[in-house]
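S.K.: give the three-dimensional model of this entry:
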Amino acid sequence: MPVILPVKGISPAFGNNCYIAPNATIVGDVVMGDDCSIWFNAVIRGDVNTIRIGNKVNIQDGAVIHCTYQKTTVVIGDNVSIGHNAIVHGCRLENNVLIGMGAIVMDNAVIGSHSIIAAGAVVLENTVVEAGSIYAGVPAKKVKAVPQELIDGEINRIANNYLMYSKWFHDHE
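M.R.: Got it, this is the predicted structure:
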């Protein structure tokens, strides 16, 4: 059973058709849209501030979503994939974003739509990633614009795959 707990009287809220892995943890002021999936060992801590998650978002194994007390919230748009062991902290991810495995996105960063944060990248506080960009490195810098084939071939493909994967697990509930 996943750990789903209220904090200060506020419980997480889930949209329709969401899959939550048996060992995921979701606490506090978290509101999630439809068709989302939260995978094994993922942690979403809405204990110190709010976390808002759009539709068709997948938060993969070991990822951590958190905020800074009384300072930053997390807002995640639609059709977003957050890779294995990524950290998304007190920032905004707009629609159609891919956060690579092990990447870190820090407080007050804004990741524009149709952008990719490469695996292992560290997006520093207050960084604004312009829409349609690929950022990589430590600290993360723009390496190029996202070509249309990566929007279709990576951002949309991964989001759609995770929706499919979650259905495999719904079939066994």
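
S.K.: biggest helix in this protein by residues?
M.R.: The helix that spans the most residues within the chain, counting by DSSP state H, is helix 157-170.

S.K.: only the buried residues of that helix, if you could.
M.R.: Of the residues in helix 157-170, those with enough neighbours to count as buried (16 or more other C-beta atoms under 10 Å) are 158-159, 162-163, 166. C-beta coordinates here come from the backbone N, C-alpha and C atoms, glycine included.

S.K.: which residues are contacting that helix?
M.R.: 17-19, 21, 35, 37, 56-58, 60, 79-81, 98 (C-beta atoms under 8 Å, 6 or more residues apart in numbering).

S.K.: drop anything exposed from those residues.
M.R.: Neighbour-count burial (16+ other C-beta under 10 Å) applied to the contacts of helix 157-170 gives 17-19, 21, 35, 37, 56-58, 60, 79-81, 98.

S.K.: can you pull out the helices in the protein?
M.R.: All helices of the chain, identified by DSSP H, fall at 148-150, 157-170.

S.K.: please put the alpha-carbon coordinates of the longest one into CSV.
M.R.: Backbone C-alpha positions of helix 157-170 (Å, rounded to 0.1, in the frame of the first residue of the first chain) are rendered in CSV as follows:
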residue,chain,number,x,y,z
ARG,A,157,6.5,9.0,-26.5
ILE,A,158,7.7,8.7,-22.9
ALA,A,159,4.5,10.3,-21.4
ASN,A,160,2.4,8.0,-23.6
ASN,A,161,4.5,4.9,-22.7
TYR,A,162,4.1,5.6,-19.0
LEU,A,163,0.3,5.9,-19.4
MET,A,164,0.4,2.5,-21.1
TYR,A,165,2.7,1.0,-18.4
SER,A,166,0.3,2.2,-15.6
LYS,A,167,-2.5,0.3,-17.3
TRP,A,168,-0.5,-2.9,-16.9
PHE,A,169,-0.7,-2.4,-13.2
HIS,A,170,-4.3,-1.2,-13.1
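
S.K.: gap between that helix and the chain center?
M.R.: Centre-to-centre, helix 157-170 and its host chain are 15 Å apart (C-alpha atoms, centre = their mean, to the nearest Å).
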